[in-house]
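Visitor: just a sequence and a predicted model for now, questions to come.
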Amino acid sequence: MPVTQPDKQAELAAKFRTRISPFVRRHAGTLPADDQLRFLKQFQPDPIELEDSTGFSDDPLREDDADIHPFADIVHKYSTKILYLTTDECPVYCRYCTRKRRTLLSKGHDKTRLSDILDYLAQRPEVNEVIFSGGDPLMLPPGDLLERARQFLASPAIRYLRFHTRAATTSPGLFSETFYVGLNELLRQHPQKLITFVLHINTAAEISEATRDIVRRLHDMGIRCYAQTVLLKGINDSSPELAELCQALTQAMIQPYYLHQLDRVTGSAHFEVSDDEARLIYGELKRLLPVYLLPKLVRDSKQGKYPL
C-alpha cells in the first residue's frame with residue numbers, strides 16, 4: 001500500500017516533538033498572511049523532514065565528539081569559552097535546530113553535576129566565558145538559572161556570561177519579574193563582569209512590543225542585546241527581507257550579530273540556501289545597509305565559525 005499523508009504525519013510526530021507556544025500563535029494571528037506563514041513555518045512539522053538528504057546528519061557540528069564534549073552538557077570547541085547546554089526544552093521547537101537530536105527527539109539526556117563542570121573549569125583558567133544555551137535557558141525556573149549563573153561568575157577566571165535565547169520573541173512571559181530582580185542582583189554582585197543576551201530572531205515580524213519591552217528592560221540594566229539569524233529558504237532568503245530585519249532590530253536596540261548559514265541537520269534540507277546564493281543575497285544586503293547594521297555571514301563547524 002502507498003504511504004499516505006496521514007501516515008507520514010504520524011511517523012513525523014512519533015520521531016520529532018512539536019511545540020508552538022501560545023504567545024507565538026497569538027502574535028502570528030496579528031500578522032499579515034505572508035508574515036504569519038514565514039513565522040509559523042519555522043516551527044510547524046512537515047513530512048518532508050523524513051526525506052533522506054545527502055550531507056545532512058543528526059550532529060552536523062559534531063558537538064558530541066569526545067574531544068570537544070567533555071560532559072553531557074558541555075561543548076568546548078573554543079579555548080576561551082564553553083557552551084553550557086542547560087536544558088533540552090524550548091518554548092518552540094525550530095524544525096531546523098542544530099541540536100534536533102536533543103530538543104526534538106523526546107529522549108532524556110544525562111545531566112552533569114554543576115560541581116563537576118566547575119572543577120573542569122578550575123583546571124582550565126584560560127576559559128573566561130560561559131554561554132548558556134540549550135534548548136533555551138529561559139525554560140529553567142529563574143532561581144535555578146540565576147543560581148547556576150552565580151556559581152560560574154564566582155570564578156575569578158569567568159569574565160563574560162552570555163544567554164542564548166529565543167524566548168524574547170516566542171514566550172516573553174519567561175522574562176518574569178522574578179528573573180529581572182535576580183538578574184539585577186547578579187549584576188550588583190559582579191559589576192566588573194559582562195552579561196549579554198543573544199536573541200534568535202529570523203524575521204522583522206517576530207519582534208513584538210513584548211520583545212521591545214524586554215530589550216528596553218535589559219538595556220536599562222546595562223545589558224547589551226545581540227541578534228543571531230539563520231538564513232532560511234522561504235523565510236528570509238532575500239536582501240529586502242534581511243534589510244527590514246536588521247533595521248527593525250536596530251530600532252529595538254538589538255545589534256545584528258551573525259547571519260548563519262543553515263547547519264545541515266537531518267530533516268532541514270528544504271530550508272537550505274546554497275552558499276553561492278547566500279553570498280549573492282549578502283552582497284545585495286551590503287548595498288542596502290550601512291556597515292554598522294550588517295550581521296556577519298558565517299557557517300559554523302566543529303572547528304568554529306568561518307566567514308562566507
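Guide: Nice, thanks for sending it over. Residues are numbered from 1 along each chain as shown.

Visitor: check the gap between the spatially most central residue of the chain and Tyr257 for me.
Guide: The centre of the chain sits closest to His200, judged by CA atoms, centre = their mean, with a distance of 4.8 Å. Distance, His200 to Tyr257, using CB to CB, to the nearest Å: 10 Å. From N, CA and C alone the C-beta is placed, and that goes for glycine too.

Visitor: Val181 too?
Guide: Val181 is 27 Å from Tyr257, where distance means CB to CB.

Visitor: of these two, who's got more company?
Guide: With neighbours defined as other CB atoms under 10 Å, Val181 and Tyr257 compare such that Tyr257 has more, 18 against 12.

Visitor: the more buried one should be in a strand, yeah?
Guide: Yes - counting by DSSP: H, G, I helix; E, B strand; the rest coil, Tyr257 is located in a strand.

Visitor: about what we covered before: show me what the residue nearest to the centre of the chain is bridged to.
Guide: Gln228 (DSSP bridges).

Visitor: check it and give its pLDDT.
Guide: With respect to pLDDT, His200 scores 98.

Visitor: correct me if wrong: it contacts His164.
Guide: Yes - counting by CB atoms under 8 Å, His200 touches His164, with 7.2 Å between them.

Visitor: joint contacts of the two?
Guide: Counting by CB atoms under 8 Å, 6 or more residues apart in numbering, the common neighbours of His200 and His164 are Gln228.

Visitor: give me the residue ranges of the stretch 51-200 of the chain where confidence is low.
Guide: 106-110 (pLDDT under 70).

Visitor: where do the helices of it begin and end?
Guide: Using DSSP state H, counting those that start in this stretch, the helices of the stretch 51-200 of the chain run over residues 100-103, 114-122, 142-153, 167-170, 177-189.

Visitor: list the buried residues of the second one.
Guide: So the one you mean is helix 114-122. Ile117, Tyr120, Leu121 (16 or more other CB atoms under 10 Å).

Visitor: hang on, the earlier thing: want to try a markdown table for the helices of the stretch 51-200 of the chain, with distance to Leu285 as columns?
Guide: Shown next, in a markdown table, are the helices of the stretch 51-200 of the chain (distance: least, CB to CB, whole Å):
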| stretch | distance to Leu285 |
| --- | --- |
| helix 100-103 | 28 |
| helix 114-122 | 38 |
| helix 142-153 | 35 |
| helix 167-170 | 21 |
| helix 177-189 | 33 |
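
Visitor: among those helices, which is nearest Phe56?
Guide: Proximity to Phe56 (CB to CB) singles out helix 100-103 among the helices of the stretch 51-200 of the chain, at 10.5 Å.

Visitor: before we move on, back to that, distance of the residue nearest to the centre of the chain from Tyr258?
Guide: From His200 to Tyr258 the distance is 10 Å (CB to CB).

Visitor: what do the two both touch?
Guide: Gln228, Thr229.

Visitor: looking at the helices of the stretch 51-200 of the chain, which is closest to Leu31?
Guide: Closest to Leu31 of these, according to CB to CB: helix 167-170, at 12.2 Å.

Visitor: output the contacting helices and strands for the closest one.
Guide: Helices and strands touching helix 167-170, by 3 or more CB pairs under 8 Å, 6 or more residues apart in numbering; DSSP states H and E, are strand 194-200, helix 209-220.

Visitor: 6 Å - rerun?
Guide: helix 209-220 (3 or more CB pairs under 6 Å, 6 or more residues apart in numbering; DSSP states H and E).

Visitor: buried residues in the helix it packs on?
Guide: Ala210, Thr211, Arg212, Ile214, Val215, Arg217, Leu218.

Visitor: list just the nearest of those residues to Thr112.
Guide: Lowest distance from Thr112 to the buried residues of helix 209-220 (CB to CB) belongs to Leu218, with 28.2 Å.

Visitor: touching stretch 129-138 from outside, list them.
Guide: With contact meaning CB atoms under 6 Å, 6 or more residues apart in numbering, stretch 129-138 is reached by 81-90, 103, 145, 152, 158, 160-167, 174.

Visitor: deepest-packed of the helices of the stretch 51-200 of the chain, please.
Guide: Most buried of these by mean neighbour count (mean count of other CB atoms under 10 Å) is helix 167-170; its value is a mean of 27.

Visitor: identify the contacts common to His200 and Tyr257.
Guide: Here His200 and Tyr257 share the contacting residues Gln228, scored by CB under 6 Å, 6+ apart.

Visitor: next up, the contacts around Leu289.
Guide: Contacts of Leu289 by CB under 6 Å, 6+ apart are Ala243, Cys246.

Visitor: re earlier: which among the helices of the stretch 51-200 of the chain is found nearest to Leu242?
Guide: Between these, helix 167-170 lies closest to Leu242; by CB to CB that is 16.3 Å.
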